[in-house]
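K.L.:
From the sequence below, what's the structure:
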Amino acid sequence: MSHIDPAFLRGLTRPRSAFSGASRRDVLRLMGAAGAGLALSACGVEGQGGKEKVSRNDVQEFWAGKAKNGSLNWANWPGYMQDDRETIKAFEKETGIKVTYKEVIQEMGPWFGKIQAPLAAGQSIDFDLMVMTNGIQLEKARQLGYLAPLDHARLKNFAANAGPRFKNPSYDPRNTFTIPYESGITGIAYNTKYVKDEITGIAQLFDAKYEGRVGMMGDSQELGNFGMFLLGIDPEKSTKADWEKAAAKLREQRDSGIVRKYYSQDYVDAVSKGDVWLTMAWSGDVYSLTSPDVKFVVPEEGGTIWTDNMCIPKTAENPVDALTLMDWLYVPANNAPLTEYINYMPPVPATQQILAQKAAEATGDEKKDLTRLSTSPLIFPTEADLARLRHYRRLTRAEEAEYQKIFEPISKGS
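P.N.:
Numbers count the residues shown, from 1 in each chain. So this is what the prediction gives:
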């Protein structure tokens, strides 16, 4: 079975340097990584087996006798850290912990395929910290017992500064194994040169007046969520019957000719040029556009929030150092420079005040850029927008097969 997860395709970051303005997909293509191993989704993996519910005793047992070693190895995605590693240098200076940082995660399927065998055997993967997107592979890592249970007694900054929407997520209740690194939204982008009505909801993506001018995403999780939102169904609590109802509406939309194309990432050019007038879109892509004509909205029926999460492999050699870094990033002053670079939704709301103050003190283009960043609802959504956001459905291995069987054929025309 192949599954291209949306984390690979969406423009998660705005890399500076040679790839300035490019999406993650573009960065990987330029690096020669695009298309590599896309079918390696590691379906049907076996492992030692994990525990769905982790007790305080489990946490104490894992962390007993562990102490700081003064170093850690961190695996992350390309473009998710400043070119000069400003944030890492600040952490090293303050804590004395040396960080070896490598941009080795390029897509969740191949990454999981790489780490699955050693973790199943209880062996080191040579990393103490990794960033995984909520979805199929993270759920497998949880279920198979590959992740260390977090000691929240050592995550005081997370407790004090994480936004409420980033605590106790459905994909990891009580943040047992993960805390967020960065997040983004799947909503609607529309070109105001062609769409004169105010776009407010998913129902407008199904309006016959936009026949042949609507873009939808080909990814089954993204597409399925929007079908369920349209029907008032919470994807996180959905059933197979809900999936079938949503799929029927999505097929109706397709068969009536409303959908011009099912996109991966190329909807960005399409909506900018007017090939499509309104489309499903990721917030970071729209923020990165320079065109003032393209607007982004969180639909009134609901939108998807996806999160790249920090987690510790159970075989980590320096877990205390990794946990120290995780918590350090939840100090607003430490998180703000990272948010300024990445231009995605931080899990620490107080970074907005810091960036706003920096904007007030800046001049010229820097002032303009910082003001846009600190006031953008794409980076700092309103409470009303946040209240409408939901995660993907957590799928067991059996459910995953059923889900894909229902939704994958829609974008393929079958």
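K.L.:
CA atoms for contacts and neighbours, from now on please.
P.N.:
OK.
K.L.:
Can you classify the residue sitting furthest away from the middle of the chain by secondary structure?
P.N.:
What lies farthest from the middle of the chain is Gly65; by Cα atoms, centre = their mean that is 33.5 Å. Put simply, Gly65 is coil when judged by DSSP: H, G, I helix; E, B strand; the rest coil.
K.L.:
Contact partners for it?
P.N.:
Counting by Cα atoms under 8 Å, 6 or more residues apart in numbering, Gly65 makes contact with nothing.
K.L.:
Likewise for Val298?
P.N.:
Ile185, Thr186, Gly187, Ile188, Thr200, Gly201, Asp385, Arg388.
K.L.:
Distance check, it against Thr324.
P.N.:
Applying Cα to Cα, to the nearest Å, the value for Val298 to Thr324 is 34 Å.
K.L.:
got it, and Thr315?
P.N.:
Thr315 is 17 Å from Thr324, by Cα to Cα.
K.L.:
who's more crowded, the two?
P.N.:
Neighbour tally, Thr315 and Thr324, criterion other Cα atoms under 10 Å: the higher count belongs to Thr315, 21 against 16.
K.L.:
for that one, helix, strand, or coil?
P.N.:
coil.
K.L.:
ok, now which ones touch it?
P.N.:
Thr315 is in contact with Leu119, Gly122, Gln123, Ser124, Ile125, Asp128, Tyr146, Ala148, counting by Cα under 8 Å, 6+ apart.
K.L.:
Lys245 too?
P.N.:
Met228.
K.L.:
Now do the nearest residue to Glu408 once chain neighbours are set aside against Met228, distance only.
P.N.:
Distances taken as Cα to Cα, 6 or more residues apart in numbering place Ser220 nearest to Glu408, at 5.5 Å, with adjacent residues excluded. Applying Cα to Cα, the value for Ser220 to Met228 is 12 Å.
K.L.:
can you pull the buried residues of stretch 96-114?
P.N.:
97-99, 101, 105-113 (16 or more other Cα atoms under 10 Å).
K.L.:
Local confidence estimate at the nearest residue to Ser124 once chain neighbours are set aside?
P.N.:
Leaving aside its sequence neighbours, Ser124 sits nearest to Thr315 (Cα to Cα, 6+ apart; 5.1 Å). Here, the pLDDT recorded for Thr315 equals 98.
K.L.:
Any idea how many residues pack against Trp282?
P.N.:
26.
K.L.:
Go ahead and confirm it touches Gly184.
P.N.:
Yes. The pair Trp282 / Gly184 is scored as a contact, 7.0 Å apart, by Cα atoms under 8 Å.
K.L.:
all strands for the stretch 201-350 of the chain, in order.
P.N.:
214-217, 259-263, 278-282, 294-297, 303-311 (DSSP state E, counting those that start in this stretch).
K.L.:
List just the one of these that sits closest to Ala159.
P.N.:
Among the strands of the stretch 201-350 of the chain, strand 303-311 comes nearest to Ala159, with 15.2 Å by Cα to Cα.
K.L.:
Check which helices and strands that closest one sits against.
P.N.:
strand 129-133, strand 178-191, helix 220-230, strand 389-390 (3 or more Cα pairs under 8 Å, 6 or more residues apart in numbering; DSSP states H and E).
K.L.:
Just the C-alphas of the first one, formatted as CSV.
P.N.:
The reference is to strand 129-133. These are the backbone C-alpha positions of strand 129-133, laid out as CSV (Å, rounded to 0.1, in the frame of the first residue of the first chain):
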residue,chain,number,x,y,z
LEU,A,129,14.8,13.7,19.4
MET,A,130,12.7,13.6,16.2
VAL,A,131,9.8,15.6,14.7
MET,A,132,6.9,13.6,13.4
THR,A,133,3.6,14.8,11.9
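K.L.:
that older thread, the residue nearest to Glu408 and Lys405 touch, don't they?
P.N.:
No. Applying Cα under 8 Å as the test, Ser220 and Lys405 come out as separate, 9.6 Å apart.
K.L.:
More neighbours: these two, which one.
P.N.:
Shown here are Ser220 and Lys405; by other Cα under 10 Å, Ser220 has more neighbours (21 against 12).
K.L.:
show me the contacts for that one.
P.N.:
Gln404, Phe407, Glu408.
K.L.:
pretty sure Asp242 contacts Met228?
P.N.:
Yes. If you go by Cα under 8 Å, Asp242 and Met228 touch, sitting 7.1 Å apart.
K.L.:
Looking at those two, which one has more neighbours?
P.N.:
When Asp242 and Met228 are compared on other Cα under 10 Å, the one with more neighbours turns out to be Met228, at 23 against 18.
K.L.:
Report the separation between that one and Ser183.
P.N.:
Relative to Ser183, and taking Cα to Cα, Met228 is found at 21 Å.
K.L.:
go on, Asn161?
P.N.:
Where Ser183 is concerned, Asn161 sits at a distance of 16 Å (Cα to Cα).
K.L.:
Ala362 now?
P.N.:
27 Å.
K.L.:
The helix or strand containing Ala360 packs against which elements?
P.N.:
Assigned by DSSP states H and E, Ala360 belongs to helix 351-361. Applying 3+ Cα pairs under 8 Å, 6+ apart, one finds that helix 351-361 makes contact with helix 332-342, helix 364-375.
K.L.:
Select, out of the ones you listed, the one closest to Ser272.
P.N.:
That would be helix 364-375 among the helices and strands packed on helix 351-361, by Cα to Cα, at 19.9 Å.
K.L.:
give the contact list for the nearest residue to Asn309 once chain neighbours are set aside.
P.N.:
Once flanking residues are discounted, Asn309 sits nearest to Pro180: 4.2 Å by Cα to Cα, 6+ apart. Applying Cα under 8 Å, 6+ apart, one finds that Pro180 lies in contact with Phe166, Thr307, Asp308, Asn309, Met310, Pro347.
K.L.:
and the gap between the nearest residue to the fifth one once chain neighbours are set aside and Glu244?
P.N.:
Once its chain neighbours are removed from consideration, Met310 has its nearest residue in Val131; the separation is 4.6 Å (Cα to Cα, 6+ apart). In this structure, Val131 and Glu244 are separated by 32 Å, where distance is defined by Cα to Cα.
K.L.:
Neighbour count for those two, which is higher?
P.N.:
Val131 (23 against 17).
K.L.:
Confirm for me that that one is in contact with Pro78.
P.N.:
No. Using Cα under 8 Å, Val131 is not in contact with Pro78; the gap is 11.2 Å.
K.L.:
buried ones in stretch 357-374?
P.N.:
Lys358, Ala359, Lys367, Leu370, Thr371, Leu373, Ser374.
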